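J.: sequence first, predicted coordinates after that:
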Amino acid sequence: MESILIVDDEKNYTAVLSVVLEEEGYATHTANSAAQALDILKVEDVDLVVTDMKMPGMDGLELLGRIKQKSPDLPVIMMTAHGTVDKAVEAMQKGAYTFILKPFDNERLVIYSQKAMELYRVVKENRRLQTEVASRYRFDNIIGKSAPMLEVFKTIRRVGPSSATTLIEGESGTGKELVAKAIHFNSARSERAIVPVNCAALSEHLLESELFGHEKGSFTGAVARKKGRFEVAHGGTIFLDEIGELSPSLQVKLLRVLQEKIIERVGGLEPIPVDIRVIAATNRSLKDEIEKGRFREDLFYRLNVVKIKLPPLRQRPEDIRLLSAHFIEKYAAERKTGQPITGLDAAVDRLFLNYNWPGNVRELENIIERAMVMCPEATITVKDLPREFRDQVSNTLHLDGIPADAKLYETLAWVEQRMIARAMQMSDNVQTRAAEILGIGKSGLNQKLKKYKLDLR
């Protein structure tokens, strides 16, 4: 039950307001001086303070300042007579939620109190999420509390302090570069640079020069000696993204770097020792590439000293709310108009939990960023989402493929079975997690599994 502290030097006034607010379902505390109010705040957890402005001794303005020093987010409503309106305005500037002129009707006080505490609930929930994300579920900007992500965090903690070569596997958009940075910054090499290279972004010739550097005159356009990324990363970490795109000749040269810790610039003969840690990433299975003859098996084993498998977002639905809160916080500063965004409404939340997220975390971030630009209110609703995203979600039901003479109950049962099967797959057949995804109770899910005779093992 939410509680309200009422402060006024007139005992009858606090008694009347206490009755009014208790009839609305709130617990109340009363104080007849600012000093007494501060004593109550030391021992009671309240959700709102309603205080008179003019009181003997410490007045309401000073009380407001003392409250804001201890609890900056706690809302305070100032009660004031006409003669002290200027003081009430000053109180607003110093953090009061609002002020209300005496005499006032009780309904107005109730409405103001409801709105103040509603805002306070949102602030407290955001604080809780921020604390939760920062203290338990976070490495840099990697967010997650699902079992697969906790396993990733555990591996990062273990591999970080070493210099072991690490291979990160995961679909596009799952955050492979973030994991590479987390490993680097949790290592003894964190004082030096982590140097990223996208192996798919350059032709073989340009990539060789980019990685190993070149000597002056070694090819047309080489007008000066240039250090490669391996030399720049000396003492630190090099992150080779999309490692599966390396040509066979560059695979041989990388193998030599891993084995001997030396490089040679393009057009040069002098071996250059390098002290680097190699972290590689791929969005495809390198074992499949080996079987197809496109990737060297010996290089694979050199890279695969420690492997981290990043799960796609569809396999970690528990993380979607945390990620959404994180991205809302991340883009809050860029929101120039409208109210501060406090979260997603229930329909968007359900939509996000049931969507397949082919673009993974990157797609979710893009959706949130765009929605925050379009949303005029404090809560993101379905109409704020990009139209192409809404169309894509609708198309996953393939409504046009349902026969015109299909019976409604048969079609609904068909959809229900497939949603249950998908939720069970997403949750690794853990019924509690699947029920949360579907927004139903565990017992209800169990009944439906029996009804449809779904054996998902």
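T.: Noted; the coordinates are in hand.
J.: can you list the strands that the one helix or strand Leu167 maps to pairs with?
T.: According to DSSP states H and E, Leu167 maps onto strand 166-169. The strands beside strand 166-169 in its sheet (DSSP bridges) come out as strand 277-282 (parallel), strand 306-309 (parallel).
J.: and the shortest one, C-alpha only, in PDB?
T.: Output in PDB follows, covering the C-alpha atoms of strand 306-309 (Å, rounded to 0.1, in the frame of the first residue of the first chain):
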ATOM      1  CA  VAL A 306      37.900 -20.500 -26.200                       C
ATOM      2  CA  LYS A 307      34.500 -20.400 -28.000                       C
ATOM      3  CA  ILE A 308      31.600 -18.100 -27.000                       C
ATOM      4  CA  LYS A 309      28.300 -18.900 -28.600                       C
END
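J.: list the contacts of it.
T.: For strand 306-309, contacts defined as Cβ atoms under 8 Å, 6 or more residues apart in numbering pick out 152, 155-156, 159, 164-170, 179. Every residue, glycine included, has its C-beta placed from N, CA and C.
J.: which members of those define the maximum pairwise distance?
T.: For the contacts of strand 306-309, the maximum inter-member distance is 18.4 Å, found between Ala164 and Gly170 (Cβ to Cβ).
J.: show me which of these two is the more surrounded one.
T.: More neighbours surround Gly170 than the other of Ala164 and Gly170, with 20 against 15 (other Cβ atoms under 10 Å).
J.: is it true that Pro72 touches Gly95?
T.: Yes - in this structure, Pro72 is within contact of Gly95 by Cβ atoms under 8 Å, at 7.2 Å.
J.: compare neighbour counts for the two and give me the winner.
T.: Per other Cβ under 10 Å, whichever of Pro72 and Gly95 has more neighbours is Gly95, with 15 against 9.
J.: got phi/psi on that one?
T.: Main-chain dihedrals, Gly95, degrees, to the nearest 10: phi 110, psi 0.
J.: need the contact list for it.
T.: 64, 68, 72, 76.
J.: and for Leu41?
T.: So Leu41 contacts 5, 49, 67, 70-71 (Cβ under 8 Å, 6+ apart).
J.: most neighbours of all those, which one?
T.: Neighbour counts for the contacts of Leu41 (other Cβ under 10 Å) peak at Val49, which has 27 neighbours.
J.: show the model's pLDDT score for Gln130.
T.: Looking at Gln130, its pLDDT stands at 55.
J.: strands of the stretch 351-457 of the chain, residue ranges please.
T.: 379-380 (DSSP state E, counting those that start in this stretch).
J.: low-confidence regions, it specifically.
T.: Along the stretch 351-457 of the chain, the parts satisfying pLDDT under 70 run over 394-404, 426, 455-457.
J.: now the helices for it?
T.: Taking DSSP state H, counting those that start in this stretch as the test, the helices found in the stretch 351-457 of the chain are 360-374, 387-395, 408-426, 431-438, 442-451.
J.: which one of those lies nearest to Arg284?
T.: helix 360-374 (14.7 Å).
J.: that closest one vs helix 387-395, what angle?
T.: 120 degrees (axes from the mean of the first three to the mean of the last three Cα atoms, to 10 degrees).
J.: what helices or strands is helix 360-374 leaning on?
T.: helix 320-330, strand 379-380 (3 or more Cβ pairs under 8 Å, 6 or more residues apart in numbering; DSSP states H and E).
J.: hmm, try it at 7 Å
T.: Here helix 360-374 touches helix 320-330, going by 3 or more Cβ pairs under 7 Å, 6 or more residues apart in numbering; DSSP states H and E.
J.: low-confidence ranges, the chain, go.
T.: Using pLDDT under 70, the chain drops low at 83-84, 127, 129-141, 394-404, 426, 455-457.
J.: any idea how it splits into domains?
T.: Following automatic domain parsing, the chain resolves into domains at 3-133, 143-311, 314-395, 399-451.
J.: what residue is smack in the middle of the protein?
T.: Leu323 (2.6 Å; Cα atoms, centre = their mean).
J.: quick revisit: out of the contacts of strand 306-309, which are buried?
T.: For these, a burial check counting by 16 or more other Cβ atoms under 10 Å picks out 152, 155-156, 159, 165-170, 179.
J.: off-centre distance for stretch 17-28?
T.: A distance of 38 Å separates the centroid of the chain from that of stretch 17-28, by Cα atoms, centre = their mean, to the nearest Å.
J.: export it to PDB, keeping only CA atoms.
T.: Taking C-alpha atoms only, stretch 17-28 is exported to PDB below (Å, rounded to 0.1, in the frame of the first residue of the first chain):
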ATOM      1  CA  LEU A  17      -6.700  15.200   4.900                       C
ATOM      2  CA  SER A  18      -5.700  11.900   6.500                       C
ATOM      3  CA  VAL A  19      -9.300  10.600   6.400                       C
ATOM      4  CA  VAL A  20      -9.700  11.800   2.800                       C
ATOM      5  CA  LEU A  21      -6.600  10.000   1.500                       C
ATOM      6  CA  GLU A  22      -7.200   6.900   3.500                       C
ATOM      7  CA  GLU A  23     -10.700   6.600   1.900                       C
ATOM      8  CA  GLU A  24      -8.800   6.400  -1.400                       C
ATOM      9  CA  GLY A  25      -6.800   3.400  -0.200                       C
ATOM     10  CA  TYR A  26      -3.600   5.100   0.900                       C
ATOM     11  CA  ALA A  27      -1.800   4.800   4.200                       C
ATOM     12  CA  THR A  28      -1.100   8.100   5.900                       C
END
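J.: much appreciated, bye for now.
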